[in-house]
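**Q** one predicted model, sequence on top.
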Amino acid sequence: MNTRTGACSWVCWAAGAAKRALLLGFMLALGLPAATRAQGGPGTANTAETRAVSGPARREAYRQAVVRVKTAYHVPGVVAGVWVPGIRPWKIAEGFGDAESRTLIGLDDRFPIRSVTKSYTVTLILQLVRSRAISLDDPISAYVPGIPNGNEITLANLAGMESGVKNYSDTQEFLSSLLADPARAWTPQEIVDLAIPYSPVFPPAAQYDYSNTNTALLGMVVEKVTGQTLAERYQQKIFKPLGLKRTSYPNTMDFPVPHPTPYIVDQATGALEVCPAVNLSAFGAGGGMVTTLGDLCRWGKALGTGELIGSRLQKERLAHSRVATSGPEYGRYGLGIGELKGWWGHSGEGLGYQAAIFHDPKTGSVIAVILNSSQGTNVATEVFKALAEVNEGDFRKQNP
């Protein structure tokens, strides 16, 4: 069934056990042939654009960049946008939201953004630091008992992916449970408990290791300190102040429509499988957010400028960074924010959706990308890099 109007299809659930194990990883390695681009209604691929940000040449260069990457990685559908200060935004929706019905992907579709959620959660932590309710030097044991090395692991270690706490989503127990019951509702404590027997992986601050458990723990800190649910806190401190009316944290099996069908695609053969529906509570504070392209762009600006935390904490957010040696592609990773080619933001991927949002501190530009497939590469990041290259080329021409 098309996820734009109902529950996700379970077509790929009939696949073999080995394939299902891959399917239910957070970083999935597969791909799908892109639809042929054409203008028109149902039965054709979609290209929807606003007016050019700076004339037809740049508009066409942006479009070609998106289509080139989409075609190379066999992505069914993608939405993307570039926002440059003082220039009207450029946006595109290219391809299918549902391949079987040939429903076009739309600029106003809702998408799970997976690990981009981490940037929102760490922002809540930094807001609490700003109000002096907590300190980044506080040990996690002050808020969540029973974590190995909990007296030594600071909140900054968790936000910077250097705590040594095992990634729960890498455990066989999590994968087996998700396979057995993808609709299961998870509590944050249940997620964290999966990681405890395998922790510590290393002493706090000894190295970098991208772990979803880190952000789950930070979400628990937010709820304990504020007495609010994460959904309530996101709404009060991020969504409402920024006017993010189409962003939500459902934490259930259901999330707003319309949303495109998520796909696992075999990059070698072009075979397409519809990804099974999974309860968003399995991702929680590290991956449960749902949003639109427009709202994601607004978030990218706030994230990149420190709008919600102030300049001092924004400097600390970026300065407390180290070379990223695991997980998503970043040059460095700070406090819930990553650097890639001089841009700062976050990416997310897994179970049929990918997203990337980055801000350029030099020009104030923001690039947002979301797509409805999973494969071995984070293609949303590849689209971002292609658009950033066009954007930076234009600025070099203007400022030789």
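**A** Good, I have the coordinates.
**Q** contacts and neighbour counts: CA atoms only from here.
**A** Noted.
**Q** quick one: the helices in the stretch 201-350 of the chain, in order.
**A** For the stretch 201-350 of the chain, the helices defined by DSSP state H, counting those that start in this stretch cover 212-226, 230-234, 240-242, 293-305, 311-319.
**Q** flag every buried residue along the first one.
**A** Meaning helix 212-226. For helix 212-226, burial by neighbour count (16 or more other CA atoms under 10 Å) applies to Asn212, Thr213, Asn214, Thr215, Ala216, Leu217, Leu218, Gly219, Met220, Val221, Val222, Glu223.
**Q** looking at those, spot the one nearest Tyr62.
**A** Asn212 (33.0 Å; CA to CA).
**Q** distance of the closest one relative to Glu389?
**A** Note on Asn212: its distance to Glu389, by CA to CA, to the nearest Å, is 30 Å.
**Q** which parts of the stretch 301-400 of the chain are strands?
**A** Taking DSSP state E, counting those that start in this stretch, the strands of the stretch 301-400 of the chain run over residues 322-323, 332-333, 338-340, 343-350, 353-359, 366-371, 373-374.
**Q** the last one pairs with which strands, parallel or anti?
**A** Taking DSSP bridges as the criterion, strand 373-374 pairs within the sheet with strand 263-265 (parallel).
**Q** what of the third one?
**A** Taking DSSP bridges as the criterion, strand 338-340 forms sheet pairs with strand 332-333 (antiparallel), strand 343-350 (antiparallel).
**Q** right, and Val66 touches Val383 too?
**A** Yes: here Val66 reaches Val383: they are 5.9 Å apart, a contact under CA atoms under 8 Å.
**Q** who's in contact with Asn251?
**A** Asn279, Leu280, Ser281, Gly284, Gly288 (CA atoms under 8 Å, 6 or more residues apart in numbering).
**Q** quick one: which of those is nearest to Phe202?
**A** Looking across those and measuring by CA to CA, the closest to Phe202 is Gly284, at 24.1 Å.
**Q** settle this for me: the closest one is touching Glu190, isn't it.
**A** No: look at Gly284 against Glu190 with CA under 8 Å: they stay out of range, at 11.0 Å.
**Q** please say which of these two ends up with more neighbours.
**A** Between Gly284 and Glu190, counted using other CA atoms under 10 Å, the more crowded position is Gly284 (29 against 13).
**Q** the more buried one and Gly270: what is the separation?
**A** Counting by CA to CA - Gly284 and Gly270 are separated by 31 Å.
**Q** same question for Arg59.
**A** Distance from Arg59 to Gly270, by CA to CA: 29 Å.
**Q** looking at those two, which is more packed in?
**A** Each of Arg59 and Gly270 has its neighbours counted (other CA under 10 Å); Arg59 has more, 19 against 16.
**Q** I'd assumed that one was in a strand, is it?
**A** No: counting by DSSP: H, G, I helix; E, B strand; the rest coil, Arg59 is not part of a strand but helix.
**Q** so it touches Trp90, yeah?
**A** Yes: Arg59 sits in contact with Trp90 when judged by CA under 8 Å, with a separation of 7.3 Å.
**Q** show me the strands in the stretch 151-300 of the chain, by range?
**A** For the stretch 151-300 of the chain, the strands defined by DSSP E, counting those that start in this stretch cover 263-265, 272-274, 290-291.
**Q** of all the ones you listed, which one is nearest Leu335?
**A** Closest approach to Leu335 among these is made by strand 290-291 (21.3 Å; CA to CA).
**Q** which of the strands of the stretch 151-300 of the chain is buried the deepest?
**A** Highest mean neighbour count among the strands of the stretch 151-300 of the chain (mean count of other CA atoms under 10 Å): strand 263-265, with a mean of 30.
**Q** let me see the contact set for the closest residue to Val274 other than its chain neighbours.
**A** Excluding the flanking residues, the one nearest Val274 by CA to CA, 6 or more residues apart in numbering is Tyr263, at 4.6 Å. Tyr263 sits next to Leu272, Glu273, Val274, Cys275, Leu351, Gly352, Tyr353, Asn372, Ser373, Ser374 when contact means CA under 8 Å, 6+ apart.
**Q** now rank the residues you listed by neighbours and give me the top one.
**A** Ranking the contacts of Tyr263 using other CA under 10 Å puts Ser373 first, with 33 neighbours.
**Q** pLDDT score for that residue?
**A** With respect to pLDDT, Ser373 scores 96.
**Q** who's it bridged to?
**A** Ser373 has these beta-bridge partners by DSSP bridges: Tyr263.
**Q** and it, what does it touch?
**A** Residues in contact with Ser373 (CA under 8 Å, 6+ apart) are Gly31, Val75, Pro76, Gly77, Pro262, Tyr263, Ile264, Val265, Leu351, Gly352, Tyr353, Gln354.
**Q** let's see 10 Å
**A** 28, 30-32, 74-78, 260-265, 272-275, 349-354, 379-380 (CA atoms under 10 Å, 6 or more residues apart in numbering).
**Q** picking that back up, quickly list what's touching both of Val66 and Val383.
**A** Residues touching both Val66 and Val383 (CA under 10 Å, 6+ apart): Val78, Ala80, Val369.
**Q** which one of those has the most neighbours?
**A** That'd be Val78 among those, by other CA under 10 Å, with 31 neighbours.
**Q** any idea how far the residue lying closest to that residue once chain neighbours are set aside lies from Leu179?
**A** Among residues not flanking Val78 along the chain, Leu371 sits closest, at 4.3 Å (CA to CA, 6+ apart). Distance of Leu371 to Leu179, given as CA to CA: 24 Å.
**Q** all set now, cheers.
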